[in-house]
Structures are given as C-alpha cells and as structure tokens.
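Enquirer: dropping the sequence and predicted coords here.
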Amino acid sequence: MSQLDEIDLTKTLSKEESDARVIKAQHRLTQLRLFTAGLLEPNQVGPGLVVLFEGFDAAGKGGAIRRLTASIDPRHVRVKPVGPPSDEELRHHFLWRFQSVIPGEGEMTVFDRSWYGRLLVERVEKLIDKDTVELSATEIVQFERMLTNNNTTVVKFWLFISEEEQLKRFNERANDPLKHWKLTPDDWRNREKRDDYMKALNFAVQSTDKKHARWNLIPAESKHYARVAVLETLIQRWTHDLERRGHEVPAARSGDFLS
C-alpha cells in the first residue's frame, strides 16, 4: 500500500471550526515569522523557510496559500507562482530557475507549484524519458538536502482531491464569471490523464519523501479541513525544525495555536 492509498478523503470540518482554527494558526505563524526574521529577539535570525505546494488542479492550493500568508507582513514573505519554463530556462539545468528565489536566512518563500513539475508534468507529457525522470528525482533529493544543510527549512504539501470533487470544482469555475479565468483547456486535458499523474505522483512521493524534506499529503476534499491541516502542519514542522537546530522557540501566546 502506498502513502496515497492512506489518504482519508472523508476528513472534514465545519466552516465555524475551520475559521476559528485558521485564525489561531495565523497568529502563531505570524509569531514564528517575526521570530525567524529576527524581529522578536535581537541577533536571533532563524533559518530560511521554503513552503512548497503541489496538488491536482482545483485542489485548493491558492486558498491555502492566501490563508497562510494573510497575517504575515508582505515584506516578510515571497509567493512564487511557477509555470512552464521559458526558453532561456530550458537552456539550463531544470533547477537553475529556482535559485534566485530560494530564501536566505531569516527569509521565507512560498512556491505555488515547484521543481516537482519535472517529475509530474514533464514526465506525463513525455518531455523527458524514464532515465531522466529517475535522475531528476535523485537530483531533487540532493537539492533539498543541500537546502536543509545550508540552514533552510523545507516543508512540502500535496493537496489531494478525488476525480469527482475535481469535476465539481471545474464546473463551478466554468459557471462563475469571477473564477472562469482559473479554468484552462490544459486543466481539462490534464484531468483526462489522471491515471498517468497518479503513477507519476506515486513515484515522486516514494522517491523524494526523505527525513530532511518530508511530504505532507493533505486530504483536500473539504476545503475547510485542508486549510486548517496545512497551517497546523506547517506550524508543527517549522517548530520542530527550529528546535532541532537549537533555537529556543517562543511559546504560543494564550489562545493561539499550541505547536
């Protein structure tokens, strides 16, 4: 049984409970961000933080990212949407285009899609062969290990929804003038290749889920559940890595999420 088979899509929360827990988690995230930026304790700058989001189209990555960054001063977080590589980027190693936005110490970058397009889109679209896929997976593991060894915390999320829920969300986007722009012909084409994407995802998770950069597979059938799961998981992973590196993490304030 793979890790994907263990994802429980029945998990849900009411809107009221979700909203309350999101607010508490946002307070704690703001506190942790100020701490790692060196704004709470003099000379206490923390490691850089990479938060990476992948998932099926319409899985709720945008909504989760908005809630993650909502309470953080824009000067203290960078959100990087990742699309297909440009002609110039294709002339370099596939990881080259990410170097300029990797956070330094005391900085934070959120990736809306990432270098995992190499193991997903490029594999499914047959832009690279099997040997290159396997080599790329090894290089990604090495890249993420290099980041963690160089004082960077890496937290990876995959938001998982069923084929039926995805179709429902696609249709909602198609019928909403304010969301229609989110739905593209590529989204429909990718949906037809779900089996291929599942195989690619299984390989990506199995080959790159390492101790230094674990995958967090989030059931996202319920957006209310997924948003809470993302924020609270990030707090746990972030706090653990700070403590592992010897930082005395400030306690959560009364009423805030307790990591």
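Expert: Alright, I've got the coordinates.
Enquirer: now the closest residue to R194 other than its chain neighbours: how far from E54?
Expert: Excluding its sequence neighbours, the residue lying closest to R194 (C-beta to C-beta, 6 or more residues apart in numbering) is E163, at 5.9 Å. Every residue, glycine included, has its C-beta placed from N, CA and C. Separation of E163 from E54 (C-beta to C-beta, to the nearest Å) stands at 17 Å.
Enquirer: mind checking which of the two has more residues around it?
Expert: Set side by side, E163 and E54 show more neighbours around E54, with 25 against 12, by other C-beta atoms under 10 Å.
Enquirer: look at that one and tell me its secondary structure.
Expert: Of the three states, E54 takes strand according to DSSP: H, G, I helix; E, B strand; the rest coil.
Enquirer: one more: T109?
Expert: For T109, the assignment made with three-state DSSP gives strand.
Enquirer: count of residues packed around it?
Expert: So T109, with other C-beta under 10 Å, has 19 neighbours.
Enquirer: bridged to it, which residues?
Expert: For T109, the beta-bridge partners are V50, R78 (DSSP bridges).
Enquirer: what about it, distance to D241?
Expert: Using C-beta to C-beta, one obtains 15 Å as the distance from T109 to D241.
Enquirer: can you check F53 too?
Expert: Using C-beta to C-beta, one gets 18 Å for the distance from F53 to D241.
Enquirer: give me the more crowded residue out of these two.
Expert: The neighbour comparison of F53 against D241 (other C-beta under 10 Å) goes to F53, with 26 against 20.
Enquirer: any idea how many residues pack against the nearest residue to that one once chain neighbours are set aside?
Expert: Spatial nearest neighbour of F53, chain neighbours left out: K61 (4.6 Å); criterion: C-beta to C-beta, 6+ apart. Other residues lying near K61 total 23 when counted by other C-beta under 10 Å.
Enquirer: who's in contact with P250?
Expert: Shown in contact with P250 (C-beta atoms under 8 Å, 6 or more residues apart in numbering): Q31, F35, L40, E41.
Enquirer: can you tell me the SS state at it?
Expert: Here P250 is recorded as coil under three-state DSSP.
Enquirer: in stretch 98-108, which residues are buried?
Expert: Neighbour-count burial for stretch 98-108 flags F98, I102, P103, G106, E107, M108 (criterion: 16 or more other C-beta atoms under 10 Å).
Enquirer: which SSE is the closest residue to A64 other than its chain neighbours in?
Expert: Among residues not flanking A64 along the chain, V230 sits closest, at 4.6 Å (C-beta to C-beta, 6+ apart). If you go by DSSP states H and E, V230 is part of helix 223-244.
Enquirer: same question, W188
Expert: helix 185-192.
Enquirer: put the alpha carbons of that helix into PDB.
Expert: Extracted in PDB, the C-alpha atoms of helix 185-192 (Å, rounded to 0.1, in the frame of the first residue of the first chain):
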ATOM      1  CA  PRO A 185      -8.100  23.900 -21.700                       C
ATOM      2  CA  ASP A 186      -4.900  22.400 -20.100                       C
ATOM      3  CA  ASP A 187      -6.900  21.700 -16.900                       C
ATOM      4  CA  TRP A 188      -9.400  19.600 -18.800                       C
ATOM      5  CA  ARG A 189      -6.600  17.900 -20.700                       C
ATOM      6  CA  ASN A 190      -4.700  17.100 -17.500                       C
ATOM      7  CA  ARG A 191      -7.800  15.700 -16.000                       C
ATOM      8  CA  GLU A 192      -8.000  13.100 -18.800                       C
END
